[in-house]
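[1] here are the coordinates; sequence isn't available:
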């Protein structure tokens, strides 16, 4: 019984090692496809609709963070509040490539 389990494990390991390199082109295709998906229409939509919405979200999050700061500081989670209310919306608005959403 022990010999059969050992042989099955070795066979499974060999098959896995042989099949893993076959998946590499799939990951490369996803990255290339994502780059190709950034079209002019998506960039225009991002510039006209999503960036202003992100700017409004960043401003609203900043106001909410400032109002809630005394409570979050007392609770010890002011860094998490800053991260979710200010930093993430600001990164979404200002740091990502145009048309990548």
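    Received it, and whenever you're ready, just let me know what you need. Everything numeric here is computed off the predicted structure, so don't read it as measured data.

[2] check which helix or strand residue 62 maps to.
    helix 51-75 (DSSP states H and E).

[3] residue ranges in the protein under the pLDDT threshold?
    Scanning the chain for pLDDT under 70 picks out the ranges 1, 12, 15-37.

[4] ok, back up a step: identify the residues contacting the helix holding residue 62?
    Contacts of helix 51-75 with the rest of the structure, by C-beta atoms under 8 Å, 6 or more residues apart in numbering, involve 78, 80, 81, 82, 84, 85, 86, 89, 90, 92, 93, 94. From N, CA and C alone the C-beta is placed, and that goes for glycine too.

[5] among those residues, which ones are in helices?
    Using DSSP state H, 78, 80, 81, 82, 89, 90, 92, 93, 94 are the members of these that sit in helices.

[6] how about the first one: what's its closest non-neighbour residue?
    If I follow you right, that is residue 78. Nearest-residue entry for residue 78: residue 72, 4.3 Å, with adjacent residues in sequence omitted and distances by C-beta to C-beta, 6 or more residues apart in numbering.

[7] tally of neighbours for that neighbour?
    Other residues near residue 72 come to 17 when the count uses other C-beta atoms under 10 Å.

[8] for residue 78, same thing?
    Counted with other C-beta under 10 Å, residues neighbouring residue 78 total 16.

[9] do the same with the one 5 residues further on
    Burial of residue 83 is recorded as 13 neighbouring residues (other C-beta under 10 Å).
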